[in-house]
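Q: I would like the atomic coordinates for the input below:
(2 chains)
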Amino acid sequence: MARPMGSVRLKKANSSTLILGAVLCIFIIIFLVSPSSPATTGRLSTIVSAQHHLSPPTSPYQSPRSGAVQGPPPVTRYNLNKVTVTSDPVRNQEHILILTPMARFYQQYWDNLLHLSYPHELITLGFILPKTKEGNQATSLLQQQIQKTQHGPEKDRFKSIIILRQDFDPAVASQDESERHKLGNQKARREVMAKARNSLLFTTLGPSTSWVLWLDADIVETEPTLIQDLAAFDKPIIVANCFQKYYNPETKKMDERPYDFNSWQDSENALKMAEQMGPDDILLEGYAELATYRTLLAYMSTPGGKQDLVVPLDGVGGTALLVKADVHRDGAMFPAFSFYHLIESEGFAKMAKRLGWQPYGLPNYKVYHYNE
Amino acid sequence: MMPRHHSSGFSNGYPRADTFEISPHRFQPRATLPPHRKRRQTFIRLGIVVVLLVLVIIWFGQPKSVASLISLGLLSGYEDLKLETVRYYDLTTVQGSARGWEREERILLCVPLRDAEQHLPMFFSHLKNFTYPHNLIDLAFLVSDSKDRTLESLVEYLEAIQADPDPKQPYGEISIIEKDFGQKVNQDVESRHGFAAQASRRKLMAQARNWLLSAALRPYHSWVYWRDVDVETAPFTILEDLMRHNKDVIVPNVWRPLPDWLGGEQPYDLNSWQESETALALADTLDEDAVIVEGYAEYATWRPHLAYLRDPYGDPDMEMEIDGVGGVSILAKAGVFRAGVHFPAFSFEKHAETEGFGKMAKRMRFSVVGLPHYTIWHLYEPSVDDIKHMEEMERERIAREKEEEERKIKEAQIKEEFGDANTQWEQDKQQMQDLKDRGSEKEAGLNQGAAAKAAGAGAIEGQKN
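A: Model (predicted):
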């Protein structure tokens, strides 16, 4: 009479084997359950991911499994009274939005971004690129890097990344430095720039952002602690001093020179000039044709000067600009028209002042611009 | 046939009594359970162990890991892959067109709320009736400085609409933004519309609108529709009706119904207007922070108002270029807001909030249009004067009613007092009639008699005289 083998085996198994099996099971379970690294759980607990694709883009969302029918989105409450903006953003887990209008992609920019020491799970990146040949090129380069980062080591991954393609044409076809900076092209260029910044800002700000960092695509070198350093001053708007490193043929050494002239304190002269201008004319800085005699942040820097020197400003540049989200939420934007004869980031400073927010600058805290 | 269970031995013939002591076929009671029962028991034990373990793990607070454990750790990797962190949007696809519903263009519907609980039922009845596909409309509410149950009842209404079994009812993304601005200005009708409070009130309103928009606008929106909660009557097709004009910013005419004694109806929203020379000249004389508000005698601007141009029988599609807009019902392309146009919470060209919005949109060369003959109706909330007047009218009415009542009571009393007399009169009349009937045969004689009587009476009269 044949018996199935299984029963024979089971019959043979005694309690000690069972106990051994159970112990093994426990080990396996412990192995499975215990997180691979403590960072994972920390990350997971801080990210609030949405369940529906109709959700603020500043947070990731879990896409439904293929075939699953998704119901209508839930009713979501956001309490903006609880969104803090403090001088210690890391400790208070404040979400920051880094916004970059991009025409060209520089690898150094991305590398610098990855080196920022602010917890990446609190950082959302927003980019806006024109729909031109150059823009398409930059987009694909950017997407490659994003793909690499977001599937790379967990600590480097950003909370969320938004890429926008702008719905208007760039003013100047060429992005070459000399072409870009011609006075005649400036107004149209700054107008488009302002629109790009506003489009990016108002579609990505969302309900949980505490800080907005404007970082231009050609800023290739900053302190890794840029965000913490700027936030520590607890100013509504604060701008770093933008310099450029270059090879000085005279001293035959690498040297640096001021680059961004849009951060300044107003002068009597400039105000007088503005008075005589037509309603749509704008004042620009850094051109011999328009001698404004404003006090420029770029020239306030002194070698070996104190890093924490803060000066109030009337106009700001957008190269590395940290803004409390409240300022933007109140409506301060980058005017794409002559606002008190100012445009874009300078106009933004003026509008913020009209809303009761004072901009500041750091003469000795430098960030570096790309050099072509 | 042999009996299977023979008392003397086994069915196969064994044991033959005492042949061998150690027979392989000797019956021995089983020390252990049969294999299938044993297997089941093992499984039960294992199950208990697993359940205990899971409980222990949950006890130590790692539910996520348990989930991954149950799915054999396969799901966690899957979920990680499915966590979408990168979003790509092409803004050229969300420009907004005249027939947005055909191209699945999304609308963001923004509603600022403050102590508006009483208006919510009416608002949600409107919401149910919108003909624009609901799944293409995202709702955003800002609840600020509310002391009533606005927030709670709002959540209830919204959850009900999202759970509606009719698949055409639920809306898209729904965000409720809570933010308190520390409102110093009262919201009751009188203080809301008093001249002195206007500028600061409008700036606060503007701030609230900007906070709402900046938190709720997404890259996939083609349109933004601003709607006040206290609109009483509006066409269900208002979104399509306004959209068809394909303008950057467009507003309907806003009137309100009035009680008959106030004329039946009245223009309500005076913030939609065309700029005038007088107003521009006036603006030049004012200081930087001043805000011109319409509808007050203090600032005579002589501007043509959309509201006053209404002809009830006019063409509802007629357009009119305007410079300032009212905020009761604004449809704007999302591109307008993306370009940076917002509700100035400061004095922008001497205007704030929605009027400043219109001005800024104009400044950025967007088209700003009003429809003078397309009307929606704002709720009528009586002002303090109206209430006084109404109280007076009420008193008059009560006095009148009282008078009426008194009159009635008097009548009733009279009736009661003289009611018998009345019936008496009837009886008398009847008797007289009877008498008349009965006496008709002896008429002649009676006539004579009567004549004699009359003569007699005449004599008496004569004597008297």
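Q: so where do the helices sit in the stretch 251-400 of chain B?
A: Under the criterion DSSP state H, counting those that start in this stretch, the stretch 251-400 of chain B contains helices at B:277-285, B:334-338, B:353-363, B:384-438.
Q: where does chain B have low pLDDT?
A: Low-confidence segments of chain B (pLDDT under 70): B:1-35, B:57-82, B:183-196, B:295, B:419-422, B:440-465.
Q: select the longest strand from it.
A: Assignment by DSSP state E gives strand B:368-378 as the longest strand of chain B.
Q: note down every partner strand of it and its orientation.
A: strand B:231-233 (antiparallel), strand B:249-257 (parallel), strand B:320-321 (antiparallel) (DSSP bridges).
Q: can I get these in JSON lines including mean neighbour count?
A: C-beta: built from backbone N, CA, C; applies to glycine. Below are those laid out as JSON lines (neighbours: other C-beta atoms under 10 Å in any protein chain shown):
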{"stretch": "strand B:231-233", "mean neighbour count": "16"}
{"stretch": "strand B:249-257", "mean neighbour count": "24"}
{"stretch": "strand B:320-321", "mean neighbour count": "14"}
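Q: which residue does the stretch 201-350 of chain B have closest to chain A?
A: residue B:340 (3.5 Å; C-beta to the nearest C-beta).
Q: without its sequence neighbours, what residue ends up closest to that residue?
A: Once flanking residues are discounted, residue B:340 sits nearest to residue A:198: 3.5 Å by C-beta to C-beta, 6 or more residues apart in numbering or on different chains.
Q: residues near that neighbour, how many?
A: Using other C-beta atoms under 10 Å in any protein chain shown, residue A:198 has 24 neighbouring residues.
Q: what packs against the host helix or strand of it?
A: When elements are assigned from DSSP states H and E, residue A:198 belongs to helix A:183-204. Other helices and strands packing on helix A:183-204, by 3 or more C-beta pairs under 8 Å, 6 or more residues apart in numbering or on different chains; DSSP states H and E, are strand A:95-101, strand A:123-129, strand A:160-165, helix A:344-354, helix B:195-216, helix B:334-338.
Q: can you pull the contacts of the residue nearest to residue B:340?
A: A:333-334, A:336, B:338-340 (C-beta atoms under 8 Å, 6 or more residues apart in numbering or on different chains).
Q: tell me which parts of the stretch 301-450 of chain B are close to chain A?
A: For the stretch 301-450 of chain B, the residues in contact with chain A (C-beta under 8 Å from any C-beta of the partner chain) are B:335, B:337-340, B:342-347, B:363-364.
Q: and these, which two are the farthest apart?
A: Spatially, the most separated pair among these is B:335 and B:347, at 25.5 Å (C-beta to C-beta).
Q: hey, what's residue A:342 bridged with?
A: residue A:339.
Q: go ahead and confirm it touches residue A:335.
A: Yes - in this structure, residue A:342 is within contact of residue A:335 by C-beta atoms under 8 Å, at 7.2 Å.
Q: quick revisit: of the contacts of residue A:198, closest to residue A:227?
A: Nearest member of those to residue A:227, counting by C-beta to C-beta, is residue A:334, at 20.8 Å.
Q: residue B:164 in helix, strand or coil?
A: Following DSSP: H, G, I helix; E, B strand; the rest coil, we place residue B:164 in the coil state.
Q: OK, contacts around it?
A: Applying C-beta under 8 Å, 6+ apart, the residues near residue B:164 are residue B:170.
Q: could you check how far it is from residue A:76?
A: 18 Å (C-beta to C-beta, to the nearest Å).
Q: now residue B:415: how far from residue B:409?
A: In terms of C-beta to C-beta, residue B:415 sits 10 Å off from residue B:409.
Q: burial count for residue B:379?
A: Using other C-beta under 10 Å, residue B:379 has 16 other residues around it.
Q: you'd agree it is up against residue B:231?
A: Yes - the criterion here is C-beta under 8 Å, and residue B:379 meets it with residue B:231 at 7.0 Å.
Q: what's the helix or strand for the residue most central in space within chain B?
A: Residue closest to the mean C-alpha point of chain B, counted by C-alpha atoms, centre = their mean, is residue B:123 at 1.5 Å. Under the criterion of DSSP H and E, residue B:123 resides in helix B:120-129.
Q: is chain A within reach of that helix?
A: No - using C-beta under 8 Å from any C-beta, helix B:120-129 never reaches chain A; the gap is at least 12.9 Å.
Q: now the element after that helix, going C-ward?
A: Downstream of helix B:120-129, the next assigned helix or strand under DSSP H and E is strand B:137-143.
Q: how far out from the middle of the chain is stretch A:299-315?
A: Counting by C-alpha atoms, centre = their mean, to the nearest Å, stretch A:299-315 is centred 23 Å from the centre of its parent chain.
Q: touching chain B at all, that stretch?
A: No - contact of stretch A:299-315 with chain B (C-beta under 8 Å from any C-beta) is absent, the minimum separation being 15.3 Å.
Q: show me which residues of the stretch 251-372 of chain A are close to chain B?
A: For the stretch 251-372 of chain A, the contact set with chain B under C-beta under 8 Å from any C-beta comprises A:328-331, A:333-337, A:351, A:354-355.
Q: hmm, 6 Å instead?
A: With C-beta under 6 Å from any C-beta of the partner chain as the criterion, the stretch 251-372 of chain A meets chain B at residues A:329-331, A:333, A:337, A:354-355.
Q: and the residue lying closest to residue B:182 once chain neighbours are set aside, how far is that from residue B:173?
A: Leaving aside its sequence neighbours, residue B:182 sits nearest to residue B:145 (C-beta to C-beta, 6+ apart; 7.1 Å). If you measure residue B:145 against residue B:173 using C-beta to C-beta, the figure is 24 Å.
Q: more neighbours, the two?
A: residue B:173 (25 against 17).
Q: from residue B:218, how far out is the more buried one?
A: 8 Å.
Q: quick one: the helices in chain A?
A: For chain A, the helices defined by DSSP state H cover A:5-12, A:15-33, A:38-46, A:107-114, A:133-150, A:177-180, A:183-204, A:226-231, A:268-275, A:325-329, A:344-354.
Q: in the longest one, what counts as buried?
A: This means helix A:183-204. A:186-187, A:189-204 (16 or more other C-beta atoms under 10 Å in any protein chain shown).
Q: show me the contacts for the residue lying closest to residue B:207 once chain neighbours are set aside.
A: Nearest residue to residue B:207, sequence neighbours excluded (C-beta to C-beta, 6+ apart): residue B:345, at 4.4 Å. By C-beta atoms under 6 Å, 6 or more residues apart in numbering or on different chains, residue B:345 lies in contact with A:330-331, B:203, B:206-207.
Q: doesn't residue A:164 make contact with residue B:89?
A: Yes - with contact defined as C-beta atoms under 6 Å, residue B:89 counts as touching residue A:164 (5.3 Å).
Q: out of those two, which sits in the busier spot?
A: residue A:164 (24 against 18).
Q: hang on, the earlier thing: would CSV of the strands paired with strand B:368-378 with distance to residue A:236 be doable?
A: Shown next, in CSV, are the strands paired with strand B:368-378 (distance: least, C-beta to C-beta, whole Å):
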stretch, distance to residue A:236
strand B:231-233, 36
strand B:249-257, 30
strand B:320-321, 37
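Q: what's the closest of these to residue B:435?
A: Nearest of those (C-beta to C-beta): strand B:249-257, 67.6 Å.
Q: can I get that closest one in CSV, CA atoms only?
A: What follows is strand B:249-257, C-alpha atoms only, in CSV (Å, rounded to 0.1, in the frame of the first residue of the first chain):
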residue,chain,number,x,y,z
VAL,B,249,-10.5,88.5,-18.6
ILE,B,250,-14.3,88.7,-18.8
VAL,B,251,-17.0,89.6,-16.4
PRO,B,252,-20.8,89.5,-16.6
ASN,B,253,-23.0,92.3,-15.3
VAL,B,254,-24.0,91.9,-11.6
TRP,B,255,-27.3,93.2,-10.3
ARG,B,256,-29.3,92.4,-7.3
PRO,B,257,-33.0,92.0,-6.7
